[in-house]
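A.B. asks: Here's my sequence, what's the structure:
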Amino acid sequence: MNDTNVAKDPECRFCRENPERRIMIEGKFGFAFWDMHPVNEGHFLVVPYRHVPDYFDITDEERDELWKMVAEGKKMCDKEHNPDGYNVGINVGKWAGQSIPHLHIHVIPRYKGDVENPKGGVRSVVPERRHYEFKN
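C.D. replies: Reported below is the predicted structural model:
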C-alpha cells in the first residue's frame with residue numbers, strides 16, 4: 001500500500017509521502033500506520049488525510065472513520081503482538097504535548113511489566129495528579 005492520497009503540505013511529516021511508512025489501513029478520510037518510533041511494540045497512529053491540527057475541527061465523517069480505523073488496527077495489533085492492554089490518546093495543542101501540528105491518534109499497546117506501576121494510565125500525563133482513590 002502507499003499513501004498517495006495524503007494532501008500535500010511540504011512542511012508536514014504526515015502529509016509528505018514516506019516510502020518507509022508501513023501503512024496498515026487506508027480509507028476515504030485517513031490512514032493508519034505502524035509508528036516509526038514506537039513507545040511499545042505494535043504502537044500505531046491513525047491520521048486524517050486532511051491537514052488539520054485539532055481533533056475538535058474534524059468532520060463527523062472523518063471522526064467516524066478514524067475511530068473505525070482505531071478498532072480495526074487494534075484487531076490487527078492483537079493478532080500480531082498480543083498485548084495485555086492499550087492506551088489510546090490524542091494530544092491537542094502545544095501544551096498538551098502535540099509536537100506535530102497534524103491530528104494523529106496514538107494507539108499504544110501495553111504489556112504486563114512494561115512499566116513498574118501502570119496505575120493511572122493516561123492520568124499520568126500530570127504525574128502529581130495521577131494518584132486517586134475512589135470512595136464508596
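
A.B. asks: Look up the closest residue to the residue most central in space within the chain, ignoring the ones flanking it.
C.D. replies: For the chain, H106 is the residue whose C-alpha lies nearest the centre (Cα atoms, centre = their mean; 1.7 Å). Using Cβ to Cβ, 6 or more residues apart in numbering and skipping the chain neighbours, the partner closest in space to H106 is G89 (5.1 Å). C-beta here means a position set from N, CA and C on the backbone, and glycine is covered the same way.

A.B. asks: For that neighbour, grab the count of nearby residues.
C.D. replies: Neighbouring residues of G89 were enumerated by other Cβ atoms under 10 Å; the total is 15.

A.B. asks: ok, P38 to G93 distance?
C.D. replies: Taking Cβ to Cβ, to the nearest Å as the measure, P38 falls 23 Å from G93.

A.B. asks: Helices of the chain, start to end?
C.D. replies: 60-81 (DSSP state H).

A.B. asks: So which residues of it form strands?
C.D. replies: Under the criterion DSSP state E, the chain contains strands at 22-26, 30-34, 44-48, 85-89, 105-110.

A.B. asks: and among those, the most buried is which?
C.D. replies: Burial among the strands of the chain, expressed as mean neighbours by mean count of other Cβ atoms under 10 Å, is greatest for strand 44-48, which shows a mean of 24.

A.B. asks: and the angle for that one with strand 105-110?
C.D. replies: Relative orientation of strand 44-48 with respect to strand 105-110: 170 degrees, computed using axes from the mean of the first three to the mean of the last three Cα atoms, to 10 degrees.

A.B. asks: Show me the contact partners of strand 44-48.
C.D. replies: Under the contact criterion Cβ atoms under 8 Å, 6 or more residues apart in numbering, strand 44-48 has outside partners 14, 24, 29-35, 58, 62, 66, 69-70, 73, 77, 102-107.

A.B. asks: can we see that at 6 Å?
C.D. replies: Strand 44-48 is touched from outside by 14, 29-30, 32, 34-35, 62, 66, 69-70, 73, 103-105, 107, with contacts defined as Cβ atoms under 6 Å, 6 or more residues apart in numbering.
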